[in-house]
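Peer 1: Mind looking at a prediction? Sequence and model below.
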Amino acid sequence: MRIIPLLLAIAVSCISACAHTDKPATNALAESLASPIRTQADRERDLRDQPSAVLAFAGFKAGDRIADIFGGGGYYSEILDQVVGDGGRVLLINNAPYDNYAKKDLEPRIANGRLKNVEYNVRPADAMQLGSSSLDGVLIVNSYHDLYHADAADGWPAIDAAQFIDQVAAALKPGGVLLIVDHAARADSGNHDAQTLHRIDEAFAIADFKAHGLVFDGSIDVLRSAADDRSTNVFDAAIRGKTDRFVHRYRKP
């Protein structure tokens with residue numbers, strides 16, 4: 001009888017084919033962080049910002065449409081470019097003052113279509129053109145406090161924080177994620193220290209986003225620093241790059 005050997009051969013062939021095609025899922029975040037095109041400056045910043053832990057916590061994935069608001073020089077946008085892949089999009093949005101501040105880092109990063117899944121725009125804070133239920137995620141890193149900071153002499157205009165957050169909330173799809181990283185202020189200080197120290201109270205942040213329909217969905221302590229008493233301006237040489245920072249995740253119901 002030749003039937004049994006024939007069936008055995010087919011089974012072995014199938015197992016071999018399946019083993020050949022069933023590869024482990026690609027860890028896009030790890031691959032992006034290890035990309036040889038990343039600069040040494042970005043790799044050094046990784047040690048301070050821990051993007052592997054922060055973005056894993058956010059849960060952004062292939063195919064997502066994500067807005068990196070006040071993304072500055074595009075550090076996070078570059079990492080997310082590979083995370084979202086060809087089926088996704090990263091919207092890097094600066095206002096004019098933030099763009100002027102970050103341009104020296106941003107221009108070489110996006111030159112010659114280097115980041116093929118990143119779309120860069122400069123737009124005013126009151127008209128970011130985010131759309132309605134169009135985004136899977138938003139991240140605002142180290143600049144949420146700037147909604148409550150104004151310095152006309154330094155070129156930073158006052159922002160209507162409520163209107164700004166409403167734009168973000170409207171743009172997120174149901175279940176969409178907002179990731180906030182910012183310099184922690186002293187407890188019960190509200191938004192007061194945003195003006196003088198570039199810090200904001202994380203309890204204030206939770207209440208602020210809740211008031212605009214976003215649900216606090218957890219935090220991680222990867223950027224905490226017990227050595228920072230939260231009384232010093234974040235640009236002070238003694239504390240710069242070593243501040244106590246909170247990492248919050250919010251979700252749209």
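Peer 2: Sure, I can see it.
Peer 1: what sits against the residue nearest to Ile200 when sequence neighbours are not counted?
Peer 2: Distances taken as C-beta to C-beta, 6 or more residues apart in numbering place His145 nearest to Ile200, at 4.0 Å, with adjacent residues excluded. Placement of C-beta: from N, CA and C, glycine included. Taking C-beta atoms under 8 Å, 6 or more residues apart in numbering, we find His145 in contact with Asp182, His183, Ala185, Asn191, Ala194, His198, Arg199, Ile200.
Peer 1: Which elements pack onto the top strand by length along the chain?
Peer 2: Ordering each strand of the chain by length in residues (DSSP state E) puts strand 172-183 first. Here strand 172-183 touches helix 51-58, strand 135-141, helix 202-210, strand 245-251, going by 3 or more C-beta pairs under 8 Å, 6 or more residues apart in numbering; DSSP states H and E.
Peer 1: what does the first one contact?
Peer 2: Surrounding helix 51-58, the residues in contact under the criterion C-beta under 8 Å, 6+ apart are 29-30, 33, 46, 76, 79-80, 83, 137, 139, 177, 179, 181, 218, 220, 222-223, 247, 249.
Peer 1: Any quick PyMOL command for the buried ones out of the residues you listed?
Peer 2: Here is the PyMOL command that selects only those of these that count as buried (16 or more other C-beta atoms under 10 Å):
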select buried, resi 29+33+76+79+80+83+137+139+177+179+181+220+222+223+247+249
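Peer 1: so where do the strands sit in this protein?
Peer 2: Secondary structure of the chain (DSSP E): strands at 65-69, 89-94, 118-122, 135-141, 172-183, 215-220, 245-251.
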